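need a structure here:
(chains A, B and C)
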Amino acid sequence: MKNFVRNAGFTAIAAMALATYLSVPALAQDTDYPDGNISITIPTGEGGGADRDARAITKVWAKYLERNSEFSYYPGAAGQVGYEFFMKSKADGTHLMFSNIGPEVIMLELQDVPITIGEDLVYIQKTSTEPMAIWVGANSKFETLQQLIEEAKERPVTISVSRLPHPASIGMLALGEATGAEFNLIPYGGGNPTAMAAITGEVDASALPLANPITLGPEARVLGIFADENPVPDQTGNAPTVNEAAGTDLPALTSSRAFAVQASVLEEYPERVELLKKTIRETLVDPDYVAAVAAAGVPVEFIDPGDQEAAMAEAAATAELATKYRDLLTGE
Amino acid sequence: MEYDLATVSGLFGHAFSMWWIMIPAIMVGLVAGAVPGFAAHNTIIILLPLTLALNVELALTFMVSLYCASHLGCGIPAILVNIPGTGGAAATTLDGYPMTKNGQAVKALALCFVASVLGGLISSIVTLFALPMLSKVGYYIHSVEMVVVMLFGLALIASIAAQDMLKGLIAGAFGLMLGAMGADHIYATPRGTFGFLALFDGVPLVPALIGLFAISEALVMLEETTLVKQGSQSRGRVTWRESAKEIFHAFTYWWQIVWTSILGLIIGALPGAGASIASFVAYQQSLFFSKTPEKFGTGHPQGVIAPESANNGVTTGTLVPLLAIGVPGGSTAAVMMIVLQFHGVPFGPRLFVEQPQLAYGVIAVMAVSYIMMIPFMFPMVRYMSRITVISTVYLAPFIVAFTLVGAFVPRGFIFDMGVAVAFGVIGYIARKTGYHVAAILIGVILGPLIERSFLLAMRISGNDPMVMFSSTIGNVLWVMLILTLALPPLMQRRRAWLERQTSKSHAGPDA
Amino acid sequence: MTEKQAASKPVGADLILPVCAALYALYYVWSVWDFPAEAQFSGIMLAGLLLLLVTIYLIRVLRGLASARYSMGFGDLFGPRESRRSRSVFFCLMLAALVLVPWLGFTLTTFSFLASSFIALGVRPFWRAVQIAAVGGLVGWFFFIFLLGTHFPKGPFELLVEALI
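You can find the predicted model right below:
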């Protein structure tokens, strides 16, 4: 036994020594892209909406890219940590970020983050777009948005939001401004606790992307949608748009999920980016993907194969909104 | 769902039929729980490609068994080498490790396993029958009440610092201060981070735990050649008979296991609360109700039972919000939700309507996996205590090498290994100068949680501090908290007074 | 040594933690100085509490020093004198492992750290230290890298194995 241990030990040492002498560059030859798994940074926590959507898309994407994906989650500081770490990762098209354009562009605008969209980071392909919604738990006394607004004129009504730098928060602030209602935004840091606060009645209502109340089924009642028209009347009890219900003229507030790469990748590896875009678009129309989205409880109407131009235009429009509401969102 | 004998036996029978996936899951869970940094949710994420490939029932069974086993596993290193596998086992070190040092490692392990298995079993059976009621807990316990619940945990600092209150409070306040590091909950502005991006999310908990307990313990243990105190009756070899005797003896604490596991279950059912809060509160409450509170912290069996049965009570509790409402209450449940969504299975109330077998089946699987852990207890008690006779010269380097991996794993930052070493230095100084490392850790864990709930409550009320006393349940909890803090010193004084009186009356006639 | 000095308790080391804590509290307050009130509130309250406790402690120490109950020695901070050297080498090896891991990768770092620590802590003969370290490194590789696939920095060993498999 002792001899065996001794031999095993020496074999191990020999293997390690051999490894040390072998030069690394010999192993790192450039093979066909992608030559390994794709690393995906998610700037929110595991188990959140981004995680759900990313898992659904990569499951089918693997078919076209012939590679699997690995995820890392960085939920810190409203996504800032994820963005900054992503910028430090290898810029060769093997590292992508799965972003939520709305809240994250607002975060980049409002927080002191050394990243400029377009110059440092580019959203190359949208995957889905959904409007923001106001909703209440099933046990809430509010049946319509009008009732909520009327009450908010009498007393500050509490609204759970995922975070202050978020299109849903901007929507509530804009609605308050337009109607004279007072909404007290309570940021719970993530979709799940935000939803829980509305369901258990800790707050009066909640403002989140529309997929959240829809996936909650009978636990949630949608009161209004920040869009020009309700894209999914069947799944929202035919909820009105906010403008219809409140007689306002607010812009549509949406957020898109999109893949992003470092800007340098576009210059240095344009063919890789093209391959990524092409395969993502193929995935988005694949019936398997449509089925996976439906299975996760998310309306298939939200699938949006918007290209780089559309994604960057949305980012620019969101940045403008963030600047407008800067003071209210930063507490300055 | 109607409960008749046939339904219940059907659920359990079906759960037992999946033994072939539960046993490997239990084994992985035990190891993952025992290695700091690999707690259930990290391991489940790492193994997600595997679970996503299985059908949904097997995937859930695998995850749930692994989760339960990891809560049992995390107590093992806490007892044997003073290193809690997760925050939920931090309170186990308080009495578990002193027992090991006194040569009672076998007994401590037996207590830990019996408390975990019985506590987990009781709470899963209670959940099976009381799920609708438990799901209502979240409707009554909001941010205000959460602040008070967590203050119960914080009160533990005062209890464990009894030796030198001022030093204990400084350690606790230092922990809280470190816990306040990172982006604030409302505006996400980074505070006290020295400009390190990796600290924007606050002090990373696992590296802090590893540093305070594992690294500092490795440095301290090298001052002696073995862990066990010289002269204590411990021996390396333990017979099957002795192991079994200790295991059966542990059942005599059944009543404490019952109530602490139910306490854990209720705390687990609260969204956002978890095993650490449950085990701190259970330890603190056990100390309060104990007839021998002065023995806590010196190697008292009740001090091992309380946190272990509570943190296994949490396991089923965590699933309650996901199953009953459809929103995960914690990180492990969130990962399980991803698997459900991935397979297109509804969750929340719809799960009970559309697939009741799966919904109740998950809870039955929990109960069955605890039953399946029973045979594991005997060899573990028998052989694991042997680690305490290994020379520290070997033990310390291994602890450092493998716990540093644990510090790296949750976030994948080399920086976090540095954080662990920095906390190791803090922990070493604290140990050598009489500041309790557990007090620092309680502050680091509970600080950010209390701050979050406090800020939410304040913001909801429009910044009115009186909101803290605005709910009936909250006020009842406040009164209980005050009693918990005020009664022990008063009782102690009364006891001392009574003793003086008795000794006087004894001395009287003689004098 | 007078009898009084012999009886006095060394508290120099006991001051390290409170002083560090107080410094961090002051830095924290400085770091949140311009922030919105909600971001400042709990930190400033805690810093106030911590500074108060530390001040009380310092008063206790000063009074102890004045009455010669305390002295400013470092007491048992560094443990038994005979093993100080080996333990400080062990600590330095820990720091070295942190610096080396990005280049050497998990397996080689673990192996080198274990082997050198065993030797520094007095394991003899050398081959035994190296042997146990090698087995430890390989078991760690098998469990953490091969089975669980953690994203540890890859070193020559991991790359070699990847190329071979």
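
Is any residue of stretch A:117-131 near chain B?
No. Using CB under 8 Å from any CB of the partner chain, stretch A:117-131 stays clear of chain B, with a minimum separation of 14.5 Å. Where C-beta positions appear, they are placed from N, C-alpha and C, glycine not excepted.

in terms of contact, does A:Ala197 touch A:Ser206 like I think?
Yes. Assessed by CB atoms under 8 Å, A:Ala197 is found in contact with A:Ser206 at 6.9 Å.

These two: which is more packed in?
A:Ser206 (31 against 28; other CB atoms under 10 Å in any protein chain shown).

is any part of the helix or strand hosting that one close to chain B?
Using DSSP states H and E, A:Ser206 maps to strand A:205-209. No. On the criterion CB under 8 Å from any CB, strand A:205-209 is out of touch with chain B, staying 11.4 Å away.

Where does the prediction get shaky in chain A?
Within chain A, the stretches with pLDDT under 70 are A:1-31, A:331-332.

how is it carved up into domains?
A:38-130+A:255-330, A:131-246 (automatic domain parsing).

check whether the longest one contacts chain C.
Yes. On the criterion CB under 8 Å from any CB, domain A:38-130+A:255-330 is in touch with chain C at A:70, A:72, A:330.

ok, the residues you listed vs B:Leu66, which is closest?
A:Glu70 (20.2 Å; CB to CB).

just for chain C, where's the confidence low?
Ranges of chain C meeting pLDDT under 70: C:1-7.

Which stretches in it count as helices?
Ranges of helices in chain C, per DSSP state H, are C:3-7, C:16-31, C:37-66, C:84-120, C:126-140, C:156-164.

on that earlier part again, shared neighbours of A:Ala197 and A:Ser206, anything?
Residues touching both A:Ala197 and A:Ser206 (CB atoms under 8 Å, 6 or more residues apart in numbering or on different chains) are A:Ser160.

just to revisit the earlier point, just the buried residues from the residues of domain A:38-130+A:255-330 next to chain C, in ChimeraX please.
To isolate the buried ones among the residues of domain A:38-130+A:255-330 next to chain C in ChimeraX, judged by 16 or more other CB atoms under 10 Å in any protein chain shown, type:
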select /A:72,330
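
Which of the residues of domain A:38-130+A:255-330 next to chain C fall in helices?
Those of the residues of domain A:38-130+A:255-330 next to chain C lying in helices (DSSP H): A:Thr330.

In JSON lines: the residues of domain A:38-130+A:255-330 next to chain C, plus distance to B:Ser261.
Output for those, formatted as JSON lines (distance: CB to CB, whole Å):
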{"residue": "A:Glu70", "distance to B:Ser261": "37"}
{"residue": "A:Ser72", "distance to B:Ser261": "35"}
{"residue": "A:Thr330", "distance to B:Ser261": "45"}
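
What about B:Leu5, how many residues nearby?
Neighbours around B:Leu5, by other CB under 10 Å: 7.

State the distance from it to B:Phe12.
11 Å (CB to CB, to the nearest Å).

With B:Val421 instead?
From B:Val421 to B:Phe12 the distance is 48 Å (CB to CB).

Give me the domain ranges for chain C.
C:3-71, C:81-164.

quick one on the thing from earlier: turn the residues of domain A:38-130+A:255-330 next to chain C into a markdown table, columns for distance to chain B.
Below are these laid out as a markdown table (distance: CB to the nearest CB, whole Å):
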| residue | distance to chain B |
| --- | --- |
| A:Glu70 | 9 |
| A:Ser72 | 6 |
| A:Thr330 | 6 |
